[in-house]
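1. The sequence isn't on hand, but the structure is:
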Ligand SMILES: [Zn+2]
């Protein structure tokens, strides 16, 4: 599972897919990949909607 980090407040979140907005400060498009294991998560857009819910 990839780890995403907010470039604005520094909060981190573990998610398979890139979070649309920061769960901490609420800023949008600030989540950047901080750490990843295995599969690239860029391909999860548009599919696997269940896992992309949050
Ligand atoms: Zn943030």
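-> It's in. Being a predicted model, the structure only gives us computed values, none of them experimental.
2. Can you tell me how far residue 7 is from the ion?
-> Note on residue 7: its distance to the ion, by C-beta to the ion, to the nearest Å, is 8 Å. Yep, even glycine has a C-beta here, placed from its N, CA and C like the rest.
3. Also residue 14?
-> Here residue 14 is placed at a distance of 15 Å from the ion (C-beta to the ion).
4. Would you list the phi and psi of that residue?
-> Dihedral angles of residue 14 (phi, psi; degrees, to the nearest 10) stand at phi -90, psi 130.
5. Bridge partners for it, pull those for me.
-> In this structure, residue 14 bridges to residue 3 when assessed by DSSP bridges.
6. for it, what are its contacts?
-> 1, 2, 3, 4 (C-beta atoms under 8 Å, 6 or more residues apart in numbering).
7. can I assume the first one is in contact with residue 16?
-> Yes: at 5.9 Å, residue 1 counts as touching residue 16 under the criterion of C-beta atoms under 8 Å.
8. Could you show which parts of the protein are in contact with the ion?
-> The interface of the chain toward the ion, taken as C-beta under 5 Å from the ion, is made up of 6, 8, 9, 11, 22, 24, 25.
9. Show me the residues you listed that map onto strands.
-> With DSSP state E as the criterion, strands contain residue 6 from among these.
10. what stretches of the protein score poorly on pLDDT?
-> Within the chain, the stretches with pLDDT under 70 are 36-54.
11. To what extent is residue 6 buried, counted in neighbours?
-> 21 (other C-beta atoms under 10 Å).
12. That one: what's its closest spatial neighbour, skipping adjacent residues?
-> Here the nearest residue to residue 6 in space, its sequence neighbours aside, is residue 22; by C-beta to C-beta, 6 or more residues apart in numbering that works out to 4.1 Å.
13. what about the one you found, distance to residue 14?
-> 14 Å (C-beta to C-beta, to the nearest Å).
14. which residues does the nearest residue to residue 9 once chain neighbours are set aside contact?
-> For residue 9, ignoring the flanking residues on the chain, the nearest one in space by C-beta to C-beta, 6+ apart is residue 25 at 4.2 Å. The contact partners of residue 25, by C-beta under 8 Å, 6+ apart, come to 6, 8, 9, 11.
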